[in-house]
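Undergrad: Okay, sequence plus prediction incoming.
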Amino acid sequence: MVLGLIPARYASTRLPGKPLVDLGGQSMIQRVVMQARQANLARVVVATDDERILRHVHDFGGEAVLTRPEHPSGTDRLWEAFQQLGAPADVHCIVNIQGDEPFIHPAQINALADLFTNPATAPAIATLVKPVVSAEELFSPHLPKVVLDARGHALYFSRHPLPYQRNRPEADWLAHHRYLRHLGLYAYQPAVLGQLTQLPVSPLEAAESLEQLRWLEAGYQIRCAETELDAFGIDTPEDVAKARARLGV
């Protein structure tokens, strides 16, 4: 069974109450849940730290659990939620779906879940990447980049473009290398998710502020599936305005 878990915190420095923001008559978290339900998931559950979000999800017919507010990351919140659900033994894959991406495409979720179909070849951790198509993407520190080995495993994630192209002007980099951008969708074997919550913050993670570097430094492999579909996360009031425009409201 593939379980979809959606971490949803109420507090946000730039957009308080973000999961409850109205987007054309539906809240952001409702839109995420509805998109996730179209994927090949046996169950979709919101993991929240706030009673308001919990009640709202129940009101629109969703499933949610209330977790402790002090979790340092969404990964820790998911692990507590999984325990609250009874850690069902028939779950072979947990997909971490970002609660601030109301336009997440079911095909993106399926691309990760499909990697876990065969237990003999299932990765410990998987995530999603897409080709970089513009210089704006390439040089934005808000859009992490990733380099892969020949088997599709992540070698490194960075907010800086990777690789650096020596003796070429930055304006020519995209013409001479196929860059990949990381999308924040993850999937894990349940036991591995529990192990990740026990790892301390690592030096590379602290430097780049990217949690997945903690896992690489600890020796975990991260398999990457590729998509051409973009991600649209909402972090600011300006992002909300863009999302409403996209919905035509």
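TA: That came in fine, so what should we check first?
Undergrad: Per-residue pLDDT of the residue of the chain positioned farthest from its centre, please?
TA: Within the chain, N167 marks the point farthest from the mean C-alpha position, 34.8 Å out by CA atoms, centre = their mean. For N167, the pLDDT comes out at 93.
Undergrad: Name the SS class of it, please.
TA: Under DSSP: H, G, I helix; E, B strand; the rest coil, N167 falls in the coil class.
Undergrad: and it, what does it touch?
TA: Going by CB atoms under 8 Å, 6 or more residues apart in numbering, N167 touches no other residue. C-beta here means a position set from N, CA and C on the backbone, and glycine is covered the same way.
Undergrad: mind checking the backbone torsions on it?
TA: Phi and psi for N167, reported as degrees, to the nearest 10, are phi 70, psi 20.
Undergrad: all strands of the protein, in order?
TA: Ranges of strands within the chain are 2-8, 22-23, 26-27, 43-48, 63-66, 93-96, 125-131, 145-148, 154-158, 180-188, 222-226, based on DSSP state E.
Undergrad: Save those strands as TSV, and put in mean pLDDT, distance to A207 and mean neighbour count too.
TA: TSV is the format used below for those (pLDDT from 0 to 100; distance: least, CB to CB, whole Å; neighbours: other CB atoms under 10 Å):
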stretch	mean pLDDT	distance to A207	mean neighbour count
strand 2-8	96	24	25
strand 22-23	92	35	16
strand 26-27	94	35	18
strand 43-48	96	28	24
strand 63-66	96	33	17
strand 93-96	98	23	24
strand 125-131	97	19	21
strand 145-148	98	15	19
strand 154-158	98	9	19
strand 180-188	96	16	23
strand 222-226	97	18	20
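Undergrad: quick one: which of these is nearest S202?
TA: Among the strands of the chain, the nearest to S202 by CB to CB is strand 154-158 (12.2 Å).
Undergrad: report the angle between the axes of that closest one and strand 125-131?
TA: Strand 154-158 and strand 125-131 are oriented at 60 degrees to each other (axes from the mean of the first three to the mean of the last three CA atoms, to 10 degrees).
Undergrad: quick one: strand 154-158 to strand 222-226, angle?
TA: Calculated by the same axes, to 10 degrees, strand 154-158 forms an angle of 80 degrees with strand 222-226.
Undergrad: Can you name every helix or strand that strand 154-158 contacts?
TA: Secondary-structure packing of strand 154-158 (3 or more CB pairs under 8 Å, 6 or more residues apart in numbering; DSSP states H and E): strand 145-148, helix 212-217, strand 222-226.
Undergrad: next one: that strand to chain centre, how far?
TA: 15 Å (CA atoms, centre = their mean, to the nearest Å).
Undergrad: likewise stretch 196-212?
TA: Mean C-alpha position of stretch 196-212 versus that of the full chain (CA atoms, centre = their mean) differs by 16 Å.
Undergrad: which residues are contacting that stretch?
TA: With contacts defined as CB under 8 Å, 6+ apart, stretch 196-212 is touched by 73, 75-76, 79, 125, 127, 144, 154, 157-159, 182, 186, 188, 213-218, 220, 222.
Undergrad: Quick check: buried residues in that stretch?
TA: 196, 204-205, 208, 210-212 (16 or more other CB atoms under 10 Å).
Undergrad: Spatially, which two of those residues are the most separated?
TA: Once CB to CB is applied, those give L196 and E208 as the farthest pair, at 17.0 Å.
Undergrad: List the residues that contact P88.
TA: By CB under 8 Å, 6+ apart, the contact set of P88 is 1, 3.
Undergrad: distance of it from S134?
TA: Per CB to CB, to the nearest Å, P88 is found 42 Å from S134.
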